[in-house]
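Enquirer: return a 3D structure for these sequence lines:
(one chain, ligands or ions: 1)
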Amino acid sequence: MIDVTNLHKRFGAVTAVEDVSFRAEDGVVTGLLGPNGAGKTTTLRMLYSLIRPDRGSVKVDGMDVADRPLDVRRALGVLPDARGLYPRLTAREHVRYAGELHGLSGAALDTRIAELVELLDMKDIADRRTEGFSQGERMKVALARALVHGPRNVLLDEPTNGLDVMSTRAVRTLIRRLREQGHCIVFSSHVMQEVAALCDRIVVVARGRVVAEGTPDELRARTGKENLEEAFVAIIGSDQGLML
Ligand SMILES: Nc1ncnc2c1ncn2[C@@H]1O[C@H](COP(=O)(O)OP(=O)(O)OP(=O)(O)O)[C@@H](O)[C@H]1O
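Expert: Next comes the predicted model:
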């Protein structure tokens with residue numbers, strides 16, 4: 001479970017995140033939805049302690065990120081916005097390296113890598129160097145790397161960005177499976193269809209603030225709009241940045 005309380009972050013004159021609070025429960029997919037520049041990536045970066053908030057706190061499974069950053073990192077699997085792969089390593093070597101950094105080794109690590117290769121349909125690319133990988137192939141490697149240690153909480157920054165229909169479906173299936181297994185999943189997107197297809201709860205952010213929160217049904221009821229897309233437009237006050 002992830003608890004975010006009154007997070008603030010400024011970059012010089014830009015207020016990227018202003019008083020953001022929400023809770024992401026276990027067994028639930030929580031979507032951070034907002035237009036470009038809304039503060040989603042900055043919020044996620046504070047959740048996984050890449051950057052420090054000016055104010056506010058984040059707790060992962062009850063552990064404060066500021067007090068126990070290493071324990072929190074163990075409890076988190078992160079697909080960051082930059083997928084950053086080593087071109088000379090194969091896909092499998094990436095996942096192995098990440099597993100070793102998390103203290104896994106031997107048969108347990110081999111089994112885990114084999115599971116992820118199967119789950120993410122990576123057999124054809126597992127033993128190729130990642131140099132020249134397509135966006136979808138890169139995303140799969142980054143996702144396998146994020147999940148190798150079986151983290152309870154999973155943060156995904158725009159996981160389906162740039163993916164084709166088949167790869168998008170594979171990622172959705174994986175996210176649903178993680179939810180069934182009771183994981184806490186937070187993912188960010190500026191694509192409302194993506195959020196609508198997957199999320200149990202939606203946190204709508206705009207200009208660094210949470211402007212609405214609830215289930216898709218609650219958001220529809222609150223705005224009086226039948227259609228979720230229209231509900232988002234009503235909440236944000238424009239459709240800018242929310243379209244495919
Ligand atoms: N390191 C930084 N230095 C200066 N400004 C930054 C930095 N990181 C983010 N910002 C600014 O903070 C605001 C929020 O950015 P952020 O990347 O969190 O938005 P986002 O919701 O993830 O957007 P997108 O959907 O475009 O990825 C933007 O105005 C951005 O320019």
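Enquirer: show me where the chain has its strands.
Expert: If DSSP state E is used as the criterion, the strands of the chain fall at 2-11, 14-24, 28-33, 55-60, 63-64, 76-79, 153-157, 184-189, 201-206, 209-214.
Enquirer: could you dump those into TSV with mean pLDDT, mean neighbour count and distance to K140 added?
Expert: C-beta coordinates here come from the backbone N, C-alpha and C atoms, glycine included. Conversion of the strands of the chain to TSV gives the following (pLDDT from 0 to 100; neighbours: other Cβ atoms under 10 Å; distance: least, Cβ to Cβ, whole Å):
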stretch	mean pLDDT	mean neighbour count	distance to K140
strand 2-11	97	18	24
strand 14-24	96	19	24
strand 28-33	95	25	19
strand 55-60	96	19	25
strand 63-64	96	15	29
strand 76-79	94	23	10
strand 153-157	95	24	13
strand 184-189	94	26	16
strand 201-206	93	24	26
strand 209-214	92	17	31
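Enquirer: compare these and give me the one nearest G99.
Expert: Between G99 and those, the tightest spacing by Cβ to Cβ is seen for strand 76-79, at 11.7 Å.
Enquirer: ok, the nearest residue to E194 once chain neighbours are set aside - contacts?
Expert: Taking Cβ to Cβ, 6 or more residues apart in numbering, and ignoring the residues beside it in sequence, E194 has T160 as its nearest neighbour in space, at 5.8 Å. Under the criterion of Cβ atoms under 8 Å, 6 or more residues apart in numbering, the neighbours of T160 are S167, T168, V171, R172, S189, V191, E194.
Enquirer: on that earlier part again, among the strands of the chain, which is nearest A126?
Expert: Closest approach to A126 among the strands of the chain (Cβ to Cβ): strand 76-79, 18.3 Å.
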